[in-house]
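Engineer: coordinates only, sequence not included:
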């Protein structure tokens, strides 16, 4: 019983192998094929444009996030702190006890400051300081 390899070799010997093959033309085809593949791999024009577009979008979003952080979050937090200090000063001058809302507001400010610092840390992790 013949193995697959022996059968293959027997069939191969029956085939007319006198046909000449031009290695030069095959080499040119291989070279041209390789050149086309390399050219396609190096043709990054589309990707360059897409990357630049995404960078521009990211920069615009970062500026918008920074503005919200600085002009909404930071300013609101600062205003709340200033108003509490002003109110406490006024109440101290009058000799009046602080209402319970003051303690609640101070507690909320402490929570907000924690969030504020977390947001600032995330900006800094991306190499960006939103305050400067």
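Structural biologist: Received the coordinates, thanks. Keep in mind that this is a model prediction, so the values were computed, not measured.

Engineer: alpha carbons only for contacts and neighbour counts from here, please
Structural biologist: Noted.

Engineer: Just the strands from this protein, written as ranges.
Structural biologist: Counting by DSSP state E, the chain forms no strands at all.

Engineer: burial of residue 66, as a residue count?
Structural biologist: 20 (other Cα atoms under 10 Å).

Engineer: Enumerate every residue touching the residue nearest to it when sequence neighbours are not counted.
Structural biologist: Once flanking residues are discounted, residue 66 sits nearest to residue 130: 5.4 Å by Cα to Cα, 6 or more residues apart in numbering. If you count contacts by Cα atoms under 8 Å, 6 or more residues apart in numbering, residue 130 has them with 66, 69, 70, 120, 123, 124.

Engineer: neighbours around residue 45, how many?
Structural biologist: Residue 45 has 9 neighbours, counted by other Cα under 10 Å.

Engineer: if I look at it, how far off is residue 37?
Structural biologist: 16 Å (Cα to Cα, to the nearest Å).

Engineer: Ok, residue 87 next?
Structural biologist: Residue 87 is 73 Å from residue 37, by Cα to Cα.

Engineer: For the lengthiest helix in the chain, what is the distance to the chain centroid?
Structural biologist: The residue-count maximum for a helix in the chain (DSSP state H) belongs to helix 100-125. Distance, stretch centre to chain centre, for helix 100-125: 26 Å (Cα atoms, centre = their mean, to the nearest Å).

Engineer: what do you get for stretch 42-58?
Structural biologist: Worked out by Cα atoms, centre = their mean, stretch 42-58 lies 14 Å from the chain centre.

Engineer: Please consider this matter closed, and thank you.
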